[in-house]
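Trainee: Got a predicted model here, sequence first, then my questions.
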Amino acid sequence: MTLIHTAAELKKLCEKLKKHPFIAVDTEFTRERTFYAELSLIQLAGPDGKPHAIDMLSPWKKKDLAPLWSLFKAKKILKIFHAARQDLEILLQWMGELPTPVYDTQIAAQFCGFPEQIGFEPLARMAIGAKIDKSHQYSDWSKRPLSDAQLEYALDDVRYLAPLYKHLADKIEKLGRTGWVKPEMDALYDENIYNPPLENLWLKLKVRKPSPREALALQGLCATREEWAKEDNVPRGRIIRDEAIVELAQRLPKDEKDMGRLRNFPRDISFERAEKILALVKYVRSAKNDDCPKPPTAAQLSPAQNLQVDALKIVLKVVSYEADLAPRMIASNDDLEQLVLKGKKAKIPCNDGWRAEIFAAPALEFLKGKRSLKGTNNGLTFE
């Protein structure tokens, strides 16, 4: 077992893998102490499952990695990942664009009756009988040299990924769900997933019913924190914690003394950054409501409509049970509320494609009295 360290070795491997219709890909990285993930390894395997590992801590020149990026960009080669989002985020950071096309076995597994967000080890064990030692799962991949056991663990992640992909793809085809899976994979190409717009970051805080000025302050503070975290390459919480951002937005301090009284405000922040925060708060204080972002509002349902939502939750459970899919894979609670309020006009995922076919369209017929739930000795059926 050896790591690939040289440009010649990497070029030879990429030329070999370019001959295949698909390759398995995984990465090992650390990001506990940084904003940007520190990539340590890239593991690759062809359809034969023979694994290879590239040491990304070697002193690569830009041109040395060109064959690897070319492999990831090759349109005729499907790149197989498990739980792809973090891997894709890191590769986007390194390549400047996303690999394409890609296939995520964690997503595919949900269409085969496996639990949501299932890990690679239990999925490989249940689907293809693979035995994977996960004792090195939390290794510090930035340290060298890596032990044989660590390297073996890393290689296992692609050694079994190719046969797992074949197993899942075959099962999905037999179930007639190949067309269902493609839109879910295509969604992985949205770069906003990995680099969300700065103006939307504040929504992740999920503050209940902020006032217009609070919303504007949250928006500005979250965007500013993101820029500083990237600049310093540290986790967001090292700049300023979520609790401090919420407190700042609610209190809107007038000066440094006022800001210093805040319970959660960081004491080690630089003078320049503290001044920038105060300038932002001053702008928020003088802003008009029309200049403030409009936070998402909860649906206003009548008592009768709430009963309809509760009924749709039961319909969803029955449909998901019969389809052997997780309910959240089909529709969210927000989707159900929008179905009750707006019907077919609701712009929600479950009103489109396969979700509409198996759930939304029949659910709307149910609300009109054209379909019904029927109790049986084995539970409920949807007719």
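Mentor: Looks like it arrived, so ask away. Numbers count the residues shown, from 1 in each chain.

Trainee: Give me the neighbour count for D140.
Mentor: Neighbour count for D140, taken as other CB atoms under 10 Å: 11. The C-beta positions use only the backbone N, C-alpha and C, and glycine is treated the same way.

Trainee: which residue sits closest to it, ignoring its sequence neighbours?
Mentor: Once flanking residues are discounted, D140 sits nearest to T30: 6.5 Å by CB to CB, 6 or more residues apart in numbering.

Trainee: what about the one you found, neighbour count?
Mentor: Quick note: T30 (other CB under 10 Å) scores 15 neighbours.

Trainee: go on, E32?
Mentor: The burial count for E32: 8, using other CB under 10 Å.

Trainee: Where does it sit, in terms of helix or strand?
Mentor: Following DSSP states H and E, there is no helix or strand that holds E32.

Trainee: and what of I80?
Mentor: strand 78-81.

Trainee: Check A215 too.
Mentor: helix 212-232.

Trainee: quick one: secondary structure of K75?
Mentor: coil (DSSP: H, G, I helix; E, B strand; the rest coil).

Trainee: Tell me who's in contact with it.
Mentor: Shown in contact with K75 (CB atoms under 8 Å, 6 or more residues apart in numbering): T100, P101.

Trainee: what's the answer for the one 4 residues further on, then?
Mentor: With contact set as CB under 8 Å, 6+ apart, K79 has these partners: F22, I23, V25, F72, P99, T100, P101, V102, Y103.

Trainee: and the third one, that one's in a strand?
Mentor: Yes: secondary structure of V25 (three-state DSSP): part of a strand.

Trainee: Okay, helices next: where are they in the stretch 251-383 of the chain?
Mentor: Ranges of helices within the stretch 251-383 of the chain are 256-260, 271-286, 303-323, 327-330, 333-342, 353-355, 361-367, based on DSSP state H, counting those that start in this stretch.

Trainee: Against which helices or strands is the third one packed?
Mentor: So that's helix 303-323. Counting contacts by 3 or more CB pairs under 8 Å, 6 or more residues apart in numbering; DSSP states H and E, helix 303-323 packs against helix 327-330, helix 333-342, helix 361-367, strand 373-376, strand 379-382.

Trainee: Using CSV, list the CA coordinates for the first one.
Mentor: C-alpha atoms of helix 327-330 as CSV (Å, rounded to 0.1, in the frame of the first residue of the first chain):
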residue,chain,number,x,y,z
PRO,A,327,-41.7,10.5,4.4
ARG,A,328,-39.3,13.5,4.4
MET,A,329,-38.0,12.2,1.0
ILE,A,330,-41.5,12.9,-0.4
